[in-house]
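>>> All I have is the shape, not the residue letters:
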């Protein structure tokens, strides 16, 4: 009976899915993601590899297999879509980064981060644009105008914060992590703003008025995006505190946090702001206020669920980029002139290296001038790591290049196809070669820091969730709060005796911090909750909340 | 400077989203979901309302607003897509149901559940088909053939397990919950199989060979779908136990569980099996084995993250169905004959009531014959509740009707439009009216049970996660394990002295349970892990795992 049954079953028209091919693709893709997790886990002890490179290699191998089985027709399972990337994959990654970032470090280094992220990206973009426009005249790359050169500058000024997150460790090298990652977030926003500005401005006659408009536009975007994220975070904190969800359901709290964070990103997109900045600051505010208003099990759940979603989205991107690298349609265009292709890619790589060096070292020097103590300054070795760790180009560059040089993923111009394949080459080469060499480089340049902090901080983090509801946790330290103190922090603050303008000038960070703490404790926390401001009654909210699953 | 800046910003071509309209839709939709959560929370104490009805009403109101603002052109934000429903929204709901279901109850009532879910659905479908074919001849409903009548039978035999989950409470009415919900899962699978079979079989000449083929096809689907789900669950347990992820990262464990569950669903779709059954049994196996192999924080995270995803997907479906109800395109077709439309909808509702009554009471009688003690039997009052609680029709009916009577959401035949609008009417009416009356009905028919168990069980559930790693928890009781005992359960098992065939005949459930426990303890748990078989070393795996977020 087996044979006719099989026939019957396969004859059955599949209701659930209109397109069986997409089911096959989804299956393969989910199976690949599982494989990446398992293989990434097995390779974890390896000193060279990291999850990004594993995923990229798995994507490449799968691309080769698909290319061979389909008879050199196509290498990818899904069509590359900017929407998929910008609407579904990027928000969880950036939100989680804001949610888990060490806020103290981030705000302590705020000025340096802004220098690197905004000014640095502009410098990098300018150098790449200049270099490309000079060198490409001598190469046979088809007709490109000044707008294209500027777009190329913006495309290759976009560093890959996702890959950086994987390579640097928040506990091992906290200063570097906060600098490079913070720069990455601001850089993402700057690149996108820059790219959009280049697309829409009349480039042919640049004058000081347009430059001013650009600065104004950037400031407007930065400030309003940040405000939107902060407002969304505060709103979620207020709603959860007022309605006291915990008594009834953990699911509702977690769902509300997730949806509000996503809503902030989508609202930013709606108002043509930078969703990346918005969702990043929403994550910071949520971890400072909202996270403390929810039940114990909601805290554990959000912490790990957000990290998991971000982790899966990251792997997804890298597998995808790996597969997409073998896009045969574009490679066919450039196959007749491999020399030009190699030359263009090399030019891009050299300019990326030069463009980043041109701002990291000078801006670090400026940043060091503002710091008082030797400890706070960025050493030359650290500058080299900052320079190196930001060299990776990733999905943002890919998405921008696809947007500029293709129409919905396809192109028939040789020059455009060359730009796409060169971008793919740069992304692959920088992620693999620069990425592979980052871990050993850090080990070489900073051998002492490696072992020092890791075990302490992991112990400190771990004890918090289960064994004490209020013990300090790195992800939840108050904004700019002193490192070790938790409740007795007022003593520390009284050290700052001389307040006012003079204090602001001599110890700006501490003074700003003092006023912020005062403002936070007097006005913000009583309204929005936060550590120490939400009564923890053992047995009542936490206990009932676990009941949520049954509903 | 504000005005020119605003102009500049709005002039900027939006890179991130090719279609700004879809961003507006997504924003509105996410905002609606947030509103549903907050309003559903505020109305929780209300004795009539539940989250489904709130979401449905919010969807309806938004539909009206959109209809008015777009000048009566369209009422929905997103196009109804079977793919969206079957590929993204249904799997988390059914998986979570399997993950959180009380396995003991479910397997104790397995025979009754199968009777209701498989035989009952067939009876219900037959009665609706017969009734419709007799009555529609006298009404002016356009040209429908025997295939259409059978499809209508399958469409209205599909109960809405999502709504049922919201109305019945696992802790308050455990027997009813397990019966009605278990039936709903089997019913979903039966309806989809039935519908597909009707679409593909040659209906015009039904004979006993085709009937046999159908029974064979159904058994094949049921057994292979279940096996696939069990295998996927066991594989995840084995991988996580062998690699001992917990030492390194909670995120990896959670991601792997999530992806493996989804993979099982997609694999079932790939092989034309029932994804619903597969992912349900995958959830059961994962909660029995895999869940015990992961770290403490992974347990909390998976429990609540899966429940949250399911919760959001449920609200999404109901908001969507509410909006879709005002689909003006179809209503325009039937507006010239409102009498026929009302008549058709009434016929459907009456047949749904009759069809369900026709199997609940007879099959309950048969089920009671097999039970020994009075306590295990289904009382008449409970039968009425089972009958009533399964009357809701929901998204599955909608998806099937759209599949049958439209081509990608559109139709230009009056008869087809009438079927769609009638389906919408039945879904709305049954969810609102029958749904609203279920809570009071249970309170009326079973007043004593209401107060008795709820407080006890919630206390029992809550104490487990934080205060003891191994204390019994309802969601994680061993398969068919005795209710109160946890580790001393072997004593209980020795009560069954007489084993073998005679025991199997006299106390079948307990004997099967005894052999299953022996098999589970001797072969399964040593390989796949599970409660008591994974060494819990305080401070080592749990502590490190919390470190996962930093990676």
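Thanks, I have it. Values in this document were obtained by computation on a predicted structure and should not be read as measured data.
>>> The stretch 251-400 of chain A: helices as residue ranges?
In the stretch 251-400 of chain A, the helices defined using DSSP state H, counting those that start in this stretch lie at A:275-285, A:291-293, A:296-324, A:328-334, A:338-370, A:380-389, A:395-405.
>>> chain center to the longest one, what's the gap?
Meaning helix A:338-370. Remark: helix A:338-370 is offset 21 Å from the chain centroid, using Cα atoms, centre = their mean, to the nearest Å.
>>> Against residue A:161, how distant is residue A:186?
10 Å (Cβ to Cβ, to the nearest Å). (C-beta placed from N, C-alpha, C; glycine too.)
>>> for residue A:148, same thing?
Residue A:148 is 25 Å from residue A:161, by Cβ to Cβ.
>>> Which one's more surrounded, these two?
residue A:161 (26 against 23; other Cβ atoms under 10 Å in any protein chain shown).
>>> Grab the nearest non-local neighbour of that one.
Once flanking residues are discounted, residue A:161 sits nearest to residue A:184: 3.0 Å by Cβ to Cβ, 6 or more residues apart in numbering or on different chains.
>>> just the helices of the stretch 251-400 of chain A: most buried one?
helix A:275-285 (a mean of 29; mean count of other Cβ atoms under 10 Å in any protein chain shown).
>>> circling back: can you convert the helices of the stretch 251-400 of chain A into JSON lines and add a column each for distance to residue B:516 and mean pLDDT?
Below are the helices of the stretch 251-400 of chain A laid out as JSON lines (distance: least, Cβ to Cβ, whole Å; pLDDT from 0 to 100):
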{"stretch": "helix A:275-285", "distance to residue B:516": "46", "mean pLDDT": "89"}
{"stretch": "helix A:291-293", "distance to residue B:516": "43", "mean pLDDT": "87"}
{"stretch": "helix A:296-324", "distance to residue B:516": "31", "mean pLDDT": "87"}
{"stretch": "helix A:328-334", "distance to residue B:516": "54", "mean pLDDT": "73"}
{"stretch": "helix A:338-370", "distance to residue B:516": "62", "mean pLDDT": "89"}
{"stretch": "helix A:380-389", "distance to residue B:516": "55", "mean pLDDT": "88"}
{"stretch": "helix A:395-405", "distance to residue B:516": "49", "mean pLDDT": "82"}
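>>> so which of the ones you listed comes closest to residue A:191?
helix A:395-405 (6.6 Å; Cβ to Cβ).
>>> Assign the residue nearest to residue A:161 to helix, strand or coil.
helix (DSSP: H, G, I helix; E, B strand; the rest coil).
>>> what sits against it?
A:117, A:159, A:160, A:161, A:164, A:390 (Cβ atoms under 8 Å, 6 or more residues apart in numbering or on different chains).
>>> Looking at it now. What's its pLDDT?
Reading off the confidence values, residue A:184 has pLDDT 82.
>>> And stretch A:271-281, how far out from the chain middle?
Taking mean C-alpha positions (Cα atoms, centre = their mean), stretch A:271-281 and its chain are 12 Å apart.
>>> Same question for stretch A:86-100.
7 Å.
>>> Over to stretch A:131-138?
The answer for stretch A:131-138 is 31 Å, by Cα atoms, centre = their mean.
>>> before we move on, what about stretch A:220-239?
On Cα atoms, centre = their mean, the centre of stretch A:220-239 falls 18 Å from the chain's centre.
>>> Is any residue of that stretch near chain B?
Yes. Residues of stretch A:220-239 are located near chain B by Cβ under 8 Å from any Cβ of the partner chain, namely A:220, A:221, A:239.
>>> among the contacts of residue A:184, which are in helices?
Using DSSP state H, the subset of those located in helices is A:161, A:164.
>>> would you list the contacts of residue A:184 in CSV and tack on pLDDT?
CSV is the format used below for the contacts of residue A:184 (pLDDT from 0 to 100):
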residue, pLDDT
A:117, 87
A:159, 84
A:160, 78
A:161, 71
A:164, 71
A:390, 85
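>>> which one among the contacts of residue A:184 gets closest to chain B?
residue A:164 (12.0 Å; Cβ to the nearest Cβ).
>>> these two touch, right, the closest one and residue A:392?
Yes. Contact criterion Cβ atoms under 8 Å: residue A:164 and residue A:392 qualify, at 6.7 Å.
>>> shared neighbours of these two, anything?
Contacts common to residue A:164 and residue A:392, judged by Cβ under 8 Å, 6+ apart, are absent.
>>> between those two, which one's more packed in?
residue A:392 (28 against 24).
>>> surely that one meets residue A:436?
No. At 10.6 Å, residue A:392 does not count as touching residue A:436 under the criterion of Cβ under 8 Å.
>>> Kindly report the residues of the stretch 101-250 of chain A close to chain B.
Going by Cβ under 8 Å from any Cβ, the residues of the stretch 101-250 of chain A near chain B are A:165-166, A:169-171, A:192, A:195-197, A:199-200, A:213, A:216-217, A:220-221, A:239, A:243, A:245, A:248-250.
>>> for chain A, longest helix please?
Per DSSP H, chain A has its longest helix at helix A:208-243.
>>> export the helices of the stretch 251-400 of chain A to TSV and tack on distance to residue A:153?
Listed next are these as TSV, based on distance: least, Cβ to Cβ, whole Å:
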stretch	distance to residue A:153
helix A:275-285	19
helix A:291-293	39
helix A:296-324	21
helix A:328-334	21
helix A:338-370	8
helix A:380-389	18
helix A:395-405	11
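>>> Nearest to residue B:265 among those helices would be which one?
Going by Cβ to Cβ, the one of the helices of the stretch 251-400 of chain A nearest residue B:265 is helix A:296-324, 16.0 Å.
>>> circling back to that earlier point, for the contacts of residue A:184, work out which two are farthest apart.
Maximum distance among the contacts of residue A:184 (Cβ to Cβ): 13.8 Å, for A:117 and A:160.
>>> higher neighbour count, the two?
More crowded of residue A:117 and residue A:160, by other Cβ under 10 Å: residue A:160, with 29 against 23.
>>> where does the more buried one fall, phi/psi-wise?
phi -110, psi 100 (degrees, to the nearest 10).
>>> for the nearest residue to it once chain neighbours are set aside, what are its contacts?
Nearest residue to residue A:160 in three dimensions, chain neighbours excluded: residue A:394, at 2.9 Å (Cβ to Cβ, 6+ apart). Residue A:394 makes contacts with A:159, A:160, A:162, A:163, A:317, A:321, A:427, A:431, as judged by Cβ under 8 Å, 6+ apart.
>>> Around the fourth one, how many other residues sit close by?
So the one you mean is residue A:163. Neighbour tally, residue A:163, other Cβ under 10 Å: 31.
>>> per-residue pLDDT, it?
71.
>>> quick one: it and residue A:434 touch, right?
No. Residue A:163 lies out of contact with residue A:434 (Cβ under 8 Å); the separation is 9.0 Å.
>>> tell me, what's touching those two both at once?
Shared contacts of residue A:163 and residue A:434, counting by Cβ under 8 Å, 6+ apart, come down to residue A:392.
>>> As a markdown table, the contacts of residue A:184 with distance to residue A:418 would be great.
As requested, the contacts of residue A:184 are exported to a markdown table (distance: Cβ to Cβ, whole Å):
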| residue | distance to residue A:418 |
| --- | --- |
| A:117 | 30 |
| A:159 | 23 |
| A:160 | 22 |
| A:161 | 27 |
| A:164 | 28 |
| A:390 | 26 |
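>>> In stretch A:122-137, which residues are buried?
A:122-129, A:131-133, A:135-136 (16 or more other Cβ atoms under 10 Å in any protein chain shown).
>>> Could you report the separation of the residue nearest to residue A:160 from residue A:299?
31 Å.
>>> tell me the contacts of residue A:148?
Contacts of residue A:148 by Cβ under 8 Å, 6+ apart are A:404, A:419.
>>> Tell me the gap between the host helix or strand of it and the middle of its chain.
Secondary structure from DSSP states H and E places residue A:148 in helix A:146-157. The chain centre lies 21 Å from the centre of helix A:146-157; the measure is Cα atoms, centre = their mean.
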